[in-house]
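Q: kindly generate the corresponding structure for this input.
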Amino acid sequence: MFIGEYSHNLDAKGRIIIPSKLRNELHSSFILTRGLDNCLTIYSLEQWEKIFIEINKLPTTKKATRQYIRVLTSSACECTLDNQGRILIPTNLAEPLGIKKEVTIIGANDHIEIWDKKTWDEYIDEADKSFEDVAENLSDLLDND
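A: You can find the predicted model right below:
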């Protein structure tokens with residue numbers, strides 16, 4: 001499980017250090033792709049395969065299915081860590097999200113997210129305002145056996 005929040009900076013070559021606590025859960029290679037809510041997402045190869053087992057159950061006759069698969073896979077790249085625990089963030093992934101220098105890396109249960117720091121700060125400020133209401137509404141979805 002990936003947890004925690006970490007602040008880092010992209011270097012001049014567009015590389016970022018993945019925090020050691022998060023690296024320990026990743027294996028030799030993993031997938032970096034566009035995430036939801038204007039962030040990048042890192043999935044272990046195992047998690048990536050699980051996602052596609054579920055995605056492949058969706059009907060490709062639906063336009064939304066095709067669109068989601070295309071965006072998710074066309075922006076995906078397989079990454080490996082260098083000796084310093086860094087990965088290169090491709091420009092085509094970083095630029096649309098405003099990722100230039102300061103980033104926040106978060107553990108998000110089964111994946112890792114990379115956010116532009118300002119975007120993350122704005123997102124978490126807004127999410128904090130409704131955290132308790134969201135928790136209450138989500139608890140209604142749980143099976144209360």
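Q: can you give me the helices for the protein?
A: Per DSSP state H, the chain carries helices over the ranges 20-23, 45-55, 63-74, 91-94, 117-129, 131-139.
Q: of the ones you listed, flag the one that's most buried.
A: Stretch with highest mean neighbour count among these: helix 91-94 (a mean of 15; mean count of other C-beta atoms under 10 Å). In this view, the C-beta of every residue, glycine as well, is placed from N, C-alpha and C.
Q: what lies in contact with that helix?
A: Helix 91-94 has contacts (C-beta atoms under 8 Å, 6 or more residues apart in numbering) with 10, 14, 32, 33, 34, 40, 75, 77, 99, 100.
Q: with stretch 132-145 instead?
A: By C-beta under 8 Å, 6+ apart, the list of residues contacting stretch 132-145 from outside reads residue 127.
Q: filter the contacts of helix 91-94 down to the buried ones and hand me the PyMOL line.
A: A single PyMOL command selects the buried members of these (16 or more other C-beta atoms under 10 Å):
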select buried, resi 10+14+32+33+34+40+75+99
